[in-house]
Structure formats: structure tokens, C-alpha cells
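Asks: Generate a structure from the sequence data that follows.
(one chain, ligands or ions: 1)
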Amino acid sequence: MRILIKKARILDPSQDLDFVGDLLIEEGKIKGFDKRIEGVEGCKIIDAEGLWCFPGLVDMHVHLREPGEEWKEDIETGTRAALCGGVLRIACMPNTKPPIDSPELVKFVLEKAREKASVKVYPIACITKGQKGEELTEFGRLKEAGAVGVSDDGKWVPNSEIMRRALLYARQFDLPVISHCEDPALSKGGSINLGKMSAKLGLKGIPASAEVVAVFRDLFLARETGGPLHLAHISLKDSIKVLKWAKEEGIPFTAETCPHYFTLTEKEVDGYNTFAKVNPPLRTEEDVEAIKEALKEGILEVIASDHAPHSPLEKEVEFELASPGMIGLQTLLPLSYKLVEEGVLSPIKCLKCLITNPARILRIEPPSVKIGKNAELILFDPREEYIFTQELIKSKSYNTPFLNKKLKGRVKKVILCNFLHTLC
Ligand code: DOR
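Replies: The predicted structure is shown next:
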């Protein structure tokens, strides 16, 4: 089978490629790309004028909920949502039930993914057994089984000595240690950012210190150990100040944020909107600006969804009892594209945050536009505006503050080797 994509804006962040032209796929592999490709017979031709064609995204922060909470999501539905969002590689977090803390559980996820997944799944295993923060897991055996990183995501590792050892141990296996920066002693009982909105709603707030203290400790431990530290979902202006200091000091680390931290503020929670309850919590306008600036400066290198499905059982309850988290696989790209529209990031820089940087951190090969490589490509319409309704959601859960909101930028087709998925 041959597919010829005509007149697309072809972008590839792995080689700073950005031009308008044609791209030929043969037997599922990229055969060629140029300003014009003519005279190839027997092709399915896709007129892609006005569309962008780029490699599938790599989302390094996804909750698939399998095993144990399949009423919220499973590997089949989560990866289908990923495919529709243009995300072709996902790293899934280990805060399942039971937590992924053994080679057998890593293999279980990979086996399920082989049977059911629409996109490639890379498991992340726990730092500590049962995510209890007490005893390290066996990093070498977890890596051998297929884990691409370790994290107690959902929780911080509060014992500094254990985290220090985790970084030293991970260094031997070149496994990124992904930290959920939130000191539980400071955030305990809080369900929203500590500030104007927590006061208005009469809810216990989570102070900025809960994140900043955790960020600082982890960076200092990375400095002492040289351990491969990755900081997940950074949300605060003050955390960015600490990250800047760490860069100046030459501390080795990488850091990510999520679209909700550069598109929404704590105001979203008004009316006790549980779909806007997330950990870390939505912050203020000032924080949103600082996160954008940090992406621009390259202090934050990754945009990940933190896709966290919850059912009405966990969301349609009193605000304080609701589980934190929002789905994000299908909004990752349109919300990130907003940064391009606003002139914060160039298209290539934005795609680096969504494809090559997370792949580098996970030590996996990203999809790319290179001759001979598998075709793992997205056709994206940057102009299309649409309402993000429940019918469009492929996930089992629909907990997102973007539900029924207008989005701009839509994945139209996904080409995954020999399969052409026409999405809308
Ligand atoms: O809001 C969140 N939900 N933050 C996390 O870190 C975990 C996630 C979840 O698993 O639901």
C-alpha cells in the first residue's frame, strides 16, 4: 500500500524540519519527502493543503488505571483516546491497584498492551514497594522487564534518605526517577490552591510551599548524587525560580508541566467544580505566565497530559471527597498548540516538548520523519475550531474542565504504519 500526502506543512522536531511539501509512504514506511513528489503510481492520495504533518506525540505521564480500576479506564480505551489525540507513545504511571512494583506487573502491562493497545505503551514502575515510601523496588529487574522509569506518582517520596538512595541506584541503570513534588506534611487535607479561591469557597488550601520544598529537596539530592531526576507536573512561579537556580548551578534534572497549568487558573474551581480538582492544584494568573515563560526559556522541557481518568463515582461527590485529576490525552495537542498561536513557542519548539524531549528522557526512540522509518504520523488542522463534547471522548471517563468548551486545532488523520485512521 502506498500513501502520498500532498501539500502538507511537514514538521519534525528531531531534525528541525519545517517545510511545505509531499510525503510518500510505502508498506508502512516513509519512502520519501520533498517539495513535490510526482509520477508515483497506485497511491492513495491525501490532499493535505493547510494541514500539518508531524510525528506522533510521546506523552510521558498517563494513568491507564489497569490493573485494578478498570471502571475509570483500561489499556484498550486509554490507548484509543491516545490514538485519537495524536499520541503514539505513552508512558503509564504505576499508581494502579496493585501498584506496578514488580517485574511481573510490568510484564502484565506490556502483555495487555500487546493484546489491546492502539499505541505503544511504556510502563513506569514504582520507586518504593507499594508506593509506601519505605523500601526501594528492584530497579534492575524492573528495567529488564521493560520499565522505562520509576515514580511514586500521586505521592512524593517523603523520606529524603530513601529518595537519595533511589537516585544513586537509578543512576546505575540509567532509569529516570520521576518525582511528584508535593510534601504531604504541607498539603495534607487541602484540595485546592491556597489563595483567594480557597478563601471564597471555604476549602482548605494547599500552600505553594508543598511543591517548592519538594522541588528544592529533590534538586539538591540530584546535585549530590548525579541521579537522573525528572520533576513531574510543575505548576508554580516559585518552583520555576528554584529550577532557574538549579540550572545556574549545573544540577542535572529535567522538568515537565501539563496543559492545565498554562491554560487554567484556580478560578476554574469556582462553583465547586470537581472536574477542575487536580494535584498539584490549578494556580493563579501569575503562575500561568511563569510556566509559559519557563517553556519558552527551555527550563521546562516537556508538556505531558497527566491523563487521570475518574468516573462519576469519584467526581460527582462533595468537592473535598472528589479524587483529583483530569483526562488529557485528547486535549494535549490543541491546548499545547495554543502556545504556538500566542507566540510563546515556535511550532518546532512546541513539538520538541511533545515528542523529542520526553522520548530523550525515557531513552526511547521518538517517531520521526526519516526515510526508512515506520510511518507514525499525524495530520493536524491548526485552523479547525470545535466543541469538545462527550461524544468525542474515547476515554471511559469524561472528567475534564474542557468538556463542552471550544478548542482550536484538531487531529484529522493518524497514519500508523499501514493503517490510516480517519478521525473526523
Ligand atoms: O491529579 C492527579 N491525579 N495528580 C496525580 O498526581 C495523580 C493523578 C491520579 O492518579 O488520579
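Asks: With the flanking residues excluded, which residue is spatially nearest to the residue in the stretch 101-250 of the chain positioned nearest to the ligand?
Replies: Nearest to the ligand in the stretch 101-250 of the chain, going by C-beta to the nearest ligand atom, is residue 154, at a distance of 4.1 Å. Glycine gets a C-beta too; all of them are placed from N, C-alpha and C. Leaving out its chain neighbours, the residue that sits closest to residue 154 by C-beta to C-beta, 6 or more residues apart in numbering is residue 95, at 4.0 Å.
Asks: can you pull the contacts of the one you found?
Replies: Residues counted as contacts of residue 95 (C-beta atoms under 8 Å, 6 or more residues apart in numbering) are 63, 131, 152-155.
Asks: mind redoing it with 7 Å?
Replies: Going by C-beta atoms under 7 Å, 6 or more residues apart in numbering, residue 95 touches 63, 131, 153-154.
Asks: Ok, residue 117 next?
Replies: Residues in contact with residue 117 (C-beta under 7 Å, 6+ apart) are 75, 79.
Asks: now whatever residue of the stretch 251-400 of the chain ends up closest to the ligand: how far from residue 183?
Replies: Taking C-beta to the nearest ligand atom as the measure, the point where the stretch 251-400 of the chain comes nearest the ligand is residue 325, at 3.0 Å. In this structure, residue 325 and residue 183 are separated by 19 Å, where distance is defined by C-beta to C-beta, to the nearest Å.
Asks: quick one on the thing from earlier: so the residue of the stretch 101-250 of the chain closest to the ligand, which of the three states?
Replies: For residue 154, the secondary structure call by DSSP: H, G, I helix; E, B strand; the rest coil comes out as coil.
Asks: Please tell me how far it sits from residue 184.
Replies: Here the criterion is C-beta to C-beta. By it, residue 154 lies 11 Å from residue 184.
Asks: between those two, which one's more packed in?
Replies: residue 154 (18 against 13; other C-beta atoms under 10 Å).
Asks: Correct me if wrong: that one contacts residue 180.
Replies: Yes: Residue 154 lies in contact with residue 180 (C-beta atoms under 7 Å); the separation is 6.2 Å.
Asks: before we move on, back to that, could you check which of residue 325 and residue 183 has the larger neighbour count?
Replies: residue 325 (23 against 19).
Asks: for that one, what are its contacts?
Replies: 278, 308, 310.
Asks: In helices, which of the residues you listed fall?
Replies: Among those, no member falls in helices (DSSP state H).
Asks: possible to save these as CSV with pLDDT and distance to residue 119?
Replies: Putting the contacts of residue 325 into CSV (pLDDT from 0 to 100; distance: C-beta to C-beta, whole Å) gives the following:
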residue, pLDDT, distance to residue 119
278, 98, 24
308, 98, 18
310, 98, 22
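Asks: Pick out whichever of those residues sits closest to residue 342.
Replies: Distances from the contacts of residue 325 to residue 342 were compared by C-beta to C-beta; the smallest belongs to residue 278, at 22.1 Å.
Asks: Tell me the secondary structure at the closest residue in space to the closest one that isn't next to it in sequence.
Replies: Closest residue in space to residue 278, ignoring its immediate chain neighbours: residue 324 at 5.1 Å, by C-beta to C-beta, 6+ apart. Applying three-state DSSP to residue 324 yields a three-state assignment of coil.
Asks: Residue 324 contacts residue 276, correct?
Replies: No: under the criterion of C-beta under 7 Å, residue 324 is not in contact with residue 276, lying 9.8 Å apart.
Asks: ok, those two, which is more surrounded?
Replies: Looking at residue 324 and residue 276 with other C-beta under 10 Å, you find the greater number of neighbours at residue 276, namely 26 against 18.
Asks: wait, that one sits on residue 401?
Replies: Yes: with contacts defined as C-beta under 7 Å, residue 276 counts as touching residue 401 at a distance of 4.4 Å.
Asks: what touches both of the two?
Replies: Shared contacts of residue 276 and residue 401 (C-beta under 7 Å, 6+ apart): 264, 268.
Asks: So, low pLDDT: which residues of the protein?
Replies: Under the criterion pLDDT under 70, the flagged ranges of the chain are 423-424.
Asks: Enumerate the residues of it near the ligand.
Replies: Applying C-beta under 6 Å from any ligand atom, one finds that the chain approaches the ligand through 63, 95, 153-154, 180, 278-279, 308, 323-325.
Asks: Not counting residues beside it along the chain, what's closest to the residue nearest the centre of the chain?
Replies: Taking C-alpha atoms, centre = their mean, the centroid of the chain lies closest to residue 304, which sits 2.1 Å from it. The spatial neighbour of residue 304 that comes closest, neighbours along the chain excluded (C-beta to C-beta, 6+ apart), is residue 61 at 3.6 Å.
Asks: is it true that the one you found lies in a strand?
Replies: Yes: note on residue 61: a strand contains this position according to three-state DSSP.
Asks: Could you report the neighbour count for it?
Replies: Applying the criterion other C-beta under 10 Å, we find 27 residues in the vicinity of residue 61.
Asks: Same question for residue 202.
Replies: With other C-beta under 10 Å as criterion, residue 202 counts 6.
Asks: and it, what does it touch?
Replies: Under the criterion of C-beta under 7 Å, 6+ apart, the contact list for residue 202 is empty.
Asks: same thing with residue 260?
Replies: Residue 260 sits next to 278, 282, 326 when contact means C-beta under 7 Å, 6+ apart.
Asks: cool, and residue 231?
Replies: By C-beta under 7 Å, 6+ apart, the contact list for residue 231 reads 179, 181, 215, 218, 253, 255-256.
Asks: change it to 8 Å
Replies: The neighbours of residue 231, taking C-beta under 8 Å, 6+ apart as the test, are 178-179, 181, 215, 218-219, 243, 253-256.
Asks: Name the member of the contacts of residue 260 with the most neighbours.
Replies: Top of the contacts of residue 260 by neighbour count (other C-beta under 10 Å): residue 326, with 29 neighbours.
Asks: Was I right to think that residue contacts residue 403?
Replies: No: taking C-beta atoms under 8 Å as the definition, residue 326 is not a contact partner of residue 403, at 9.5 Å.
Asks: Between the two, which contacts overlap?
Replies: Residues touching both residue 326 and residue 403 (C-beta under 8 Å, 6+ apart) are residue 275.
Asks: next one: phi and psi at the residue nearest to residue 278?
Replies: phi -80, psi 150 (degrees, to the nearest 10).
Asks: Residue 95 versus that one, what's the distance?
Replies: Computed as C-beta to C-beta, the residue 324 to residue 95 distance reads 12 Å.
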